[in-house]
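Asker: quick one: sequence and predicted model below, then my questions.
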Amino acid sequence: MRRMALLLLLGGWPGLSAAVERLRVEVLEVLPHDARAFTQGLLLHEGRFYESTGRYGHSSLREVDPASGEVLRRRELDPAWFGEGLARVDDRLIQLTWREGLALSYRLDDFRLLGVYQYGGEGWGLCYDGESLWMSDGSATLYRRDPADFSLRGRVTVRLDGAPQERLNELACVGEHVYANIWHEPRLVRIDKPSGRVSAEIDASALVAASRRGDDREAVLNGIAHDAASGDFYLTGKLWPEMFRVRFVASSAVAD
């Protein structure tokens, strides 16, 4: 009994993990979004969205007005490149490509291309926590990269209830956590960065029903932006005409 009490005090019995928090989205506001945007990366900075869109021949980097959904600035990618995740590092934006193995670095204020980094494998999601870039490739692995030269600093396997959580896609870095969309599922997960443990699952199925998306099977939930000032999140999807400002609440909470 003494050994059990000590193990619990120090972090739990071997093989057991802390309970996963079950959350859902509470919609605070519905905003317009370009229904032609195949959203792959999304972030909020100084009152503007910065968005990466995908598909060959249609990929772009955009600055968007949140209130109207108007695209204020756009840079088209080479038709041979498929745009993916997007992160801001100080006065730069870094945009991934899917299978091209290229990370494109732009100047924030005018989208001028500053440089190109190379990496192995696929690029899916990207976010920056102030020290490292975190990158996904559709597997259960998150890669931690140097923001200066994109070199690999480390990696962590993401696990939900002890099992690898595959299909990690778009990412948002928030404090000690990384939030991730799960590709082709209406849910997100909150990941503890040091351990890779999923500490919360977030049910976003209500947004899919409200999104007014079309029949394209790839019109799935994708795009996470965090507002550090309010703590709210912005979520959308590929080819969705709606953007949702939400907060995450306990799944047992009664909806308004």
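Answerer: Sure thing, it's come through. Residues are numbered from 1 along each chain as shown.

Asker: residue closest to the middle of this protein?
Answerer: Nearest to the geometric centre of the chain sits residue 171, at 2.0 Å (C-alpha atoms, centre = their mean).

Asker: did I read that right, that one in a helix?
Answerer: No: counting by DSSP: H, G, I helix; E, B strand; the rest coil, residue 171 falls outside a helix, being strand.

Asker: nearest residue to it in space, please, no chain neighbours.
Answerer: Leaving aside its sequence neighbours, residue 171 sits nearest to residue 125 (C-beta to C-beta, 6 or more residues apart in numbering; 3.7 Å). Where you see a C-beta, it was placed from the backbone N, CA and C, and this is true even at glycine.

Asker: list the contacts for the one you found?
Answerer: Residue 125 makes contacts with 41, 84-85, 96, 135-136, 168-171, 180-181, as judged by C-beta atoms under 8 Å, 6 or more residues apart in numbering.

Asker: just these now: which is nearest residue 146?
Answerer: residue 135 (11.3 Å; C-beta to C-beta).

Asker: picking that back up, what sits against the residue nearest to the centre of the chain?
Answerer: Counted by C-beta under 8 Å, 6+ apart, residue 171 has contacts 85, 125-127, 134-136, 142, 178-181, 224.

Asker: kindly reformat the residues you listed as JSON lines and extend each row with pLDDT, secondary structure and distance to residue 245.
Answerer: Shown next, in JSON lines, are the contacts of residue 171 (pLDDT from 0 to 100; DSSP: H, G, I helix; E, B strand; the rest coil; distance: C-beta to C-beta, whole Å):
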{"residue": "85", "pLDDT": "98", "secondary structure": "strand", "distance to residue 245": "21"}
{"residue": "125", "pLDDT": "98", "secondary structure": "coil", "distance to residue 245": "20"}
{"residue": "126", "pLDDT": "98", "secondary structure": "strand", "distance to residue 245": "22"}
{"residue": "127", "pLDDT": "98", "secondary structure": "strand", "distance to residue 245": "19"}
{"residue": "134", "pLDDT": "98", "secondary structure": "strand", "distance to residue 245": "23"}
{"residue": "135", "pLDDT": "98", "secondary structure": "strand", "distance to residue 245": "26"}
{"residue": "136", "pLDDT": "98", "secondary structure": "strand", "distance to residue 245": "24"}
{"residue": "142", "pLDDT": "98", "secondary structure": "strand", "distance to residue 245": "26"}
{"residue": "178", "pLDDT": "98", "secondary structure": "strand", "distance to residue 245": "20"}
{"residue": "179", "pLDDT": "98", "secondary structure": "strand", "distance to residue 245": "15"}
{"residue": "180", "pLDDT": "98", "secondary structure": "strand", "distance to residue 245": "19"}
{"residue": "181", "pLDDT": "96", "secondary structure": "strand", "distance to residue 245": "17"}
{"residue": "224", "pLDDT": "97", "secondary structure": "strand", "distance to residue 245": "12"}
